[in-house]
Structures are given as C-alpha cells and as structure tokens.
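Student: missing the sequence, but the structure's below:
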Ligand code: HEC
C-alpha cells in the first residue's frame, strides 16, 4: 500500500528517462514537466486512494504512473487478466496499425453502467501492433474526479518513442474529447 504511493511519487519526475525521448516527443514532455508537477502530485494521491479503496484489492488494478515504472509494468503484462477485446483490430484513430484494449474492473463497471464520468482509478491499457508484433502501448488512468482531460494521466510508447507521459497531455486530450469521459473504445467490448 505505502509502496504504491511511493512508486507514484518517484515515477512523475523520471518519466522520460529510459528510452529515446529524443524525437518530437521530447519537446512536449519537457515543456509539460514543470507544469505537470503540481497536477500530478495531487493526481497520483487521488489515484492511489482509488487504488486502495477500489473495487478489488488487486495490486495490478491501477497501473503505476510515469514511464519509468509504467513501462516495466506493461512489459510484464500486468494487465493481462483485465477484461479485453477479443482480438487485435485496426485502430479507428492514429494508434498504430492494430490495437487491442484492456479495461480494469473499475472502468469496465463504469462503462457497463453507462456512467458519464469514470471513477478515480479507472484505467485502460491498449496494446499497439504492427502486424503480429506488439510494438507499444497506450494507457489512460483517471486521476481526479472532474470530467475533463486533466483528470486523466496519458501515456503512449511505440518502439522507443514516447508520445505522452503526463496528466492532461494536450496531444491526446483533443481527439479524445468525443469519448465517454474521454474513453473512445466501443463498448460492449468487441
Ligand atoms: C486523432 C485522434 C486521436 C488522438 C490524437 C489520440 N487518440 Fe487515443 N484513441 C482514438 C480512438 C479513435 C480510439 C478508439 C480505439 C481505436 O480505434 O484505436 C482511441 C483509443 C485510445 C485508448 C484506449 C481507451 C479509449 O479511450 O478508447 C487509449 C489508452 C488511448 N487512445 C490513448 C491515447 C493517448 C495516450 C494519446 C496521446 C498520445 C491518444 N490516445 C491520442 C483516437 C485518438
């Protein structure tokens, strides 16, 4: 329990460590970093609460935020037992060639109930494929209750390129506003 809190705090700073944040993504993430500090601190507290009081006691229910912790979590497929789309299908958006979406229990319940605003701790992991190969992930985690883009943590990595690793990432928010509290995956899952 205490661990997940500490993990989150650590994660916010070094989020762009690790892989090659040398492309266009680097600009965005360094600009965003100062601005996001306050937001993400509050945000990760909120998410931690959601995680600990949430629907299941499962440690893998809410992904750690910040690429330094999140990427290994994804690589270990900690989301594998979440509700998932039956297979890889073409993305209707810009998310690589093929995608397969996994919902945690909180988000699944919320979408099933037709709720407008998802609960703090709701999370989704989307696997990104090039043909048969898994090349990256897109992740959203609800961090504050408000129904706006700043209430989600956004992450996307394809190969070594990180396209988002922040709360309220503008690149992602803009296109996701048409979703149900920013979630665009068709539900029931296909
Ligand atoms: C041009 C539009 C567009 C942009 C920009 C965009 N997305 Fe998406 N996203 C979609 C669509 C459409 C879906 C629905 C599933 C699909 O077809 O891929 C989706 C699905 C997702 C999902 C699965 C959960 C859901 O909402 O359905 C995640 C996670 C996600 N996007 C993350 C991101 C992140 C992170 C960024 C920013 C780097 C981003 N998206 C930018 C259009 C977009």
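Tutor: The structure has been received and is ready for your questions. Everything numeric here is computed off the predicted structure, so don't read it as measured data.

Student: tell me the contacts of residue 104?
Tutor: 61, 62, 79, 82, 121, 122, 123, 124 (CB atoms under 8 Å, 6 or more residues apart in numbering). The way it works is simple: take the backbone N, C-alpha and C, and place the C-beta from them, glycine included.

Student: Of these, which ones also sit close to the ligand?
Tutor: Restricting the contacts of residue 104 to those touching the ligand (CB under 6 Å from any ligand atom) yields residue 124.

Student: For residue 165, state which of the contacts of residue 104 is nearest.
Tutor: Nearest to residue 165, judged by CB to CB, of those is residue 123 at 15.0 Å.

Student: thinking again about what came up before, take the contacts of residue 104 and keep only those in strands.
Tutor: 123, 124 (DSSP state E).

Student: For this protein, which residues are neighbours of the ligand?
Tutor: For the chain, the contact set with the ligand under CB under 6 Å from any ligand atom comprises 91-95, 99, 101, 124, 126, 138-140, 154-156, 163-164, 169, 171-172, 175-176, 179, 183-185.

Student: picking up where we left off before, just the buried ones from the contacts of residue 104?
Tutor: 61, 62, 79, 82, 121, 122, 123, 124 (16 or more other CB atoms under 10 Å).

Student: Low-confidence stretches in this protein?
Tutor: 1-57 (pLDDT under 70).

Student: neighbouring strands for the longest strand along it, and are they parallel or not?
Tutor: Among the segments of the chain that qualify as a strand by DSSP E, the longest is strand 133-142. Strand 133-142 has these partner strands in its sheet, going by DSSP bridges: strand 123-130 (antiparallel), strand 152-158 (antiparallel).

Student: centre of the chain versus the last one, how much separation?
Tutor: Right, strand 152-158. For strand 152-158, the distance from its own C-alpha centre to the chain's C-alpha centre is 5 Å (CA atoms, centre = their mean, to the nearest Å).

Student: Assess the claim that residue 147 and residue 116 are in contact.
Tutor: Yes - between residue 147 and residue 116 there is a contact at 6.9 Å, judged by CB atoms under 8 Å.

Student: out of these two, which sits in the busier spot?
Tutor: Taking neighbours as other CB atoms under 10 Å, residue 147 and residue 116 compare with residue 147 leading, 13 against 8.

Student: Contact partners for the nearest residue to that one once chain neighbours are set aside?
Tutor: The shortest distance from residue 147 to any non-neighbouring residue, by CB to CB, 6 or more residues apart in numbering, is to residue 117 (4.4 Å). Taking CB under 8 Å, 6+ apart as the contact definition, residue 117 lies against 145, 147, 181.

Student: Can you report phi and psi for residue 117?
Tutor: Geometry field for residue 117 lists phi and psi as phi -120, psi 130, criterion degrees, to the nearest 10.

Student: Kindly provide the distance from it to the ligand.
Tutor: Using CB to the nearest ligand atom, to the nearest Å, residue 117 is found at 14 Å from the ligand.
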